[in-house]
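Peer 1: I need the structure of the sequence given here:
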Amino acid sequence: MNTARPALPGAASRPSTAELPRWAFMLLLIVIVLAWGTTWMVIKTIVLAVPPFWTTTIRSAIATVALLGLQLAMGQFVVPRRGDLPVVVVMSLFHMIAFSVLITTGLKYVPVGRSMVLAYTMPLWVVPGAWLFLREATPPIRLLGLALGVAGLLIMFNPLTFDWSNGQALYGNGLLLLSALAWSISIVYVRAHVWVSSPFQMVFWQALLATLVLSVLALWAEGAPAIDWSPRLAGSLAYAGLIGSALAFWAMNEVNRRLPATTTALGVLATPVVGIVGSALFLGEALDPPLVIAAAMILGGIAVGTIKPPGRDAHPTSRSNQSLGN
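Peer 2: Predicted coordinates:
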């Protein structure tokens with residue numbers, strides 16, 4: 001039976017990423033890592049002047065406006081169809097809202113470096129999720145890459161120095177681990193989703209829903225904000241919204257759609273490396289030997305884990321044309 005979706009009006013004239021080679025999506029993955037890694041440094045400076053929930057809300061609002069303008073200019077704006085709604089809700093709730101809110105709250109109790117490490121333990125959830133729900137093969141070489149990357153994260157985390165009697169620290173670390181779980185759900189779901197419209201067309205609606213929900217949460221948790229605006233603060237928020245949100249979320253949709261979930265999970269492990277090294281270079285934070293060793297292990301794990309196994313299609317495209325469990 002033919003399960004192909006009917007074409008949307010004007011679909012033939014739209015640029016598509018479906019035919020791009022694998023290396024193009026790997027470049028997008030690098031863009032995501034750089035965008036998110038540098039955004040952590042920017043947000044660290046923003047939260048000195050803006051409450052955390054409002055930081056996330058304003059960042060999301062800027063991304064929403066930017067994405068709407070870009071889609072209108074490119075003639076890519078569409079109203080979500082019935083088949084689009086699940087991916088809009090899942091990406092918005094689990095990644096743009098849950099992930100962002102959990103890491104923002106966790107940062108109240110946990111230092112930035114450790115927060116990034118815990119948030120990026122997401123591959124621990126993605127690998128079993130991809131195997132269980134997507135039946136995605138996990139070749140030994142990818143498992144080796146995953147093991148190296150996670151070992152590097154554990155060195156960064158250094159649980160032997162953790163104060164297990166500190167209730168607030170346990171709470172904060174728990175929130176950050178939950179943020180990793182929330183993110184992994186979005187990665188696995190997007191990989192399984194049957195796309196009607198393109199990821200670029202849907203990311204505006206994801207950001208819009210996130211902005212609306214985050215606004216309510218910010219008002220409830222922090223009240224109306226009193227912000228002392230400056231050109232530097234405005235520029236930082238613009239960077240976080242345009243690069244760290246609009247560009248990165250669109251790219252993540254595309255990468256999730258085209259690359260195996262485990263490859264994506266391994267690739268974004270480089271983000272805490274970018275953030276921690278960048279913080280050392282530009283914010284003056286300490287960069288000790290364990291962090292250097294951990295960074296080398298993570299990058300090595302990514303290099304090993306993203307190698308295409310011989311004789312195997314490491315990035316099947318049929319997933320986007322199939323419905324799992326429907």
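
Peer 1: for the stretch 151-300 of the chain, what are the low-confidence residue spans?
Peer 2: The stretch 151-300 of the chain contains residues with pLDDT under 70 at 157, 162.

Peer 1: need the helices for it, in chain order.
Peer 2: Remark: helices assigned in the stretch 151-300 of the chain by DSSP state H, counting those that start in this stretch are 167-192, 199-222, 231-241, 248-258, 261-267, 270-282, 289-305.

Peer 1: in CSV: the ones you listed, plus distance to residue 23 and mean neighbour count.
Peer 2: Placement of C-beta: from N, CA and C, glycine included. CSV is the format used below for these (distance: least, Cβ to Cβ, whole Å; neighbours: other Cβ atoms under 10 Å):
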stretch, distance to residue 23, mean neighbour count
helix 167-192, 20, 21
helix 199-222, 19, 21
helix 231-241, 27, 17
helix 248-258, 11, 24
helix 261-267, 13, 27
helix 270-282, 17, 20
helix 289-305, 15, 19
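
Peer 1: from residue 23, how far out is residue 30?
Peer 2: Residue 30 sits 10 Å away from residue 23, going by Cβ to Cβ, to the nearest Å.

Peer 1: ok, those two, which is more surrounded?
Peer 2: Set residue 30 next to residue 23 and count neighbours by other Cβ atoms under 10 Å: residue 30 wins out with 12 against 8.

Peer 1: what helix or strand does that one sit in?
Peer 2: Assigned by DSSP states H and E, residue 30 belongs to helix 22-46.

Peer 1: which among the helices of the stretch 151-300 of the chain is found nearest to residue 46?
Peer 2: Of all these, it is helix 231-241 that lies closest to residue 46, at 5.2 Å by Cβ to Cβ.

Peer 1: counting contacts, what elements does the closest one pack onto?
Peer 2: With contacts taken as 3 or more Cβ pairs under 8 Å, 6 or more residues apart in numbering; DSSP states H and E, helix 231-241 sits against helix 22-46, helix 52-74.

Peer 1: so which of those helices is nearest residue 130?
Peer 2: The minimum distance between residue 130 and those falls on helix 22-46, with 16.1 Å, by Cβ to Cβ.

Peer 1: what's the pLDDT at the closest residue to residue 303 other than its chain neighbours?
Peer 2: Of all residues not flanking residue 303 in the chain, residue 145 sits nearest, at 7.4 Å (Cβ to Cβ, 6 or more residues apart in numbering). Looking at residue 145, its pLDDT stands at 81.

Peer 1: how far does the strand or helix carrying residue 145 sit from its chain's centre?
Peer 2: Following DSSP H and E, one finds residue 145 within helix 140-157. Here helix 140-157 is found 19 Å from its chain centre; the criterion is Cα atoms, centre = their mean, to the nearest Å.

Peer 1: contacts for that helix?
Peer 2: 113-114, 117-118, 120-121, 123-124, 127, 262-263, 265-266, 269, 272, 276, 290-291, 293-298, 300-307, 309 (Cβ atoms under 8 Å, 6 or more residues apart in numbering).
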